[in-house]
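*Asks:* Fold the following.
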Amino acid sequence: MENRKRPPEAIHTWLIMLKARNSIARYALPPINEEGLGDSDFRVLDVLLHKGPMPVNAIGPKVDLNPGSVSVAVDRLYKKGFVSRVESSSDRRVRTVALTEKGREMFVPLFRRHAALIKPAFQDVSLEELQQLERILKNIGKRAERLADKPAPQLSLREALS
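*Replies:* You can find the predicted model right below:
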């Protein structure tokens, strides 16, 4: 039997991306959890550290969380003293969330450990490959975002199988 390699298919590549993401998460999340934080807490703290204070409703799109999940994460972080919430003087519906000094003192070392932990997962990837991978993933993400704004096409079973 001839061993022919099939051309790559998007669905297979997508599954590989999911498996890689899940493997990295299984490897990298336990130290975050040991600090009493969940993945969503970490993502909120990360965006506040790197982007600065922002309204609650601006956090979700940056960390891929729905508004309810962002509110719950911010509430947890507020109770721990890691973030502050300040209502806008001009619009009481708007609350700005910021990293507190206590949050910064806890999170900066945790983020550095996390970055150091992620690095070995990419050790066999060259700088050029990393740059290419970033570019490719950004392009895929942007295209998927544009597609998500449109109704999904309805394919017949015959069209889906061809």
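
*Asks:* can you tell me how far the residue nearest the centre of the chain sits from Gln132?
*Replies:* By Cα atoms, centre = their mean, the chain has its centre lying nearest to Val63, at 5.1 Å. Distance from Val63 to Gln132, counting by Cβ to Cβ, to the nearest Å: 25 Å. For the C-beta atoms, the positions are set from N, CA and C on the backbone; glycine is no exception.

*Asks:* Mind checking what helix or strand follows the longest helix along the chain in sequence?
*Replies:* Ranked by residue count, the top helix of the chain under DSSP state H comes out as helix 10-34. Once the chain leaves helix 10-34, the next helix or strand it forms, by DSSP states H and E, is helix 39-51.

*Asks:* and that following helix, what does it pack onto?
*Replies:* Secondary-structure packing of helix 39-51 (3 or more Cβ pairs under 8 Å, 6 or more residues apart in numbering; DSSP states H and E): helix 10-34, helix 56-63, helix 67-79, strand 83-87, strand 95-99, helix 101-118.

*Asks:* Please name every helix or strand in contact with the fourth one.
*Replies:* Right, the one you point to is strand 83-87. helix 39-51, helix 67-79, strand 95-99.

*Asks:* Averaged pLDDT, that strand. What do you get?
*Replies:* In this model, strand 83-87 has a mean pLDDT of 91.

*Asks:* Okay, angle between that strand and helix 39-51 too, please.
*Replies:* Relative orientation of strand 83-87 versus helix 39-51 (axes from the mean of the first three to the mean of the last three Cα atoms, to 10 degrees): 70 degrees.

*Asks:* Could I get the buried residue list for strand 83-87?
*Replies:* Neighbour-count burial for strand 83-87, counted by 16 or more other Cβ atoms under 10 Å, picks out Val83, Ser84.

*Asks:* if we can go back for a sec, tell me which of the helices and strands packed on helix 39-51 lies nearest to Leu48.
*Replies:* strand 95-99 (4.4 Å; Cβ to Cβ).
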